[in-house]
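Trainee: take a look and give me a structure for this.
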Amino acid sequence: MKILGISGSASRYSSNYYLLKAIQSYAEGEHTMSVYDLLPNFELFTPDKLKNGVPQNILTFKTQILDADAIIICTPEYTHNIPAVLKNMIEWCTASGEFAHKRILPITFTPIAPRGEFAMSSLLMSLQTMDAKVVSQLPLYKTDVDIEHEQINLSEDVRDILGAALELF
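Mentor: Numbering: from 1, shown residues only. Below is the predicted model of the structure:
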């Protein structure tokens, strides 16, 4: 299966990016996974920009969504919501329908519980609006993993949870 991981963080090399890289390593062998981390490079969406032509980097990203069998979106929570860069990406894709019927696993990755609950709620509402097929949802916390020098090591419990979630794809 071809999986696209999307880091919803405004910081290119955030802990959400490194979590996706850890998931990519975990899934290796059974799935092909790439990680997209360039949402901060997207122009701000406006309806006028959509009418005047979608920028090439966004068109390339949309093609990656369409080519993927499933998507993992990993996001932090900023001010009780998803980051603006993730919301901006959603705006670029809403009218064109790339997420329609796409199997998606949303993950919130935050420092401690219960942070992430508002971001998950917001992301789920947006995914529902786009007719995405949310297979499960996974709140993870930095206390659930080992972080060493920009590398995340998944605990056995987290690997088990991820394995079960990936089977839903």
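
Trainee: pretty sure Thr129 sits against Thr94.
Mentor: Yes. In this structure, Thr129 is within contact of Thr94 by CB atoms under 8 Å, at 6.9 Å. Glycine gets a C-beta too; all of them are placed from N, C-alpha and C.

Trainee: neighbour-wise, which of those two wins?
Mentor: Shown here are Thr129 and Thr94; by other CB atoms under 10 Å, Thr94 has more neighbours (15 against 11).

Trainee: report pLDDT for that one.
Mentor: Thr94 is assigned 93 on the pLDDT scale.

Trainee: surely it and Asp131 touch.
Mentor: No. Using CB under 8 Å, Thr94 is not in contact with Asp131, being 10.2 Å away.

Trainee: can you tell me how far Lys87 is from Gln64?
Mentor: Look at Lys87 and Gln64: by CB to CB, to the nearest Å, they are 19 Å apart.

Trainee: go on, Leu154?
Mentor: Distance from Leu154 to Gln64, by CB to CB: 24 Å.

Trainee: so for these two, which residue has more residues nearby?
Mentor: Leu154 (19 against 16).

Trainee: count of residues packed around the closest residue in space to that one that isn't next to it in sequence?
Mentor: Spatially, and ignoring its direct neighbours in sequence, Leu154 is nearest to Ala22 (5.4 Å; CB to CB, 6 or more residues apart in numbering). For Ala22, the count of nearby residues is 20 (other CB under 10 Å).

Trainee: quick one: residues contacting Ala22.
Mentor: Shown in contact with Ala22 (CB atoms under 8 Å, 6 or more residues apart in numbering): 145, 151-154.

Trainee: among the residues you listed, which lie within strands?
Mentor: Of the contacts of Ala22, the ones assigned to strands by DSSP state E are 145, 151-154.

Trainee: now a PyMOL select for only the buried ones of the residues you listed.
Mentor: In PyMOL, a selection of the buried entries from the ones in strands among the contacts of Ala22 looks like this (16 or more other CB atoms under 10 Å):
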select buried, resi 145+152+154
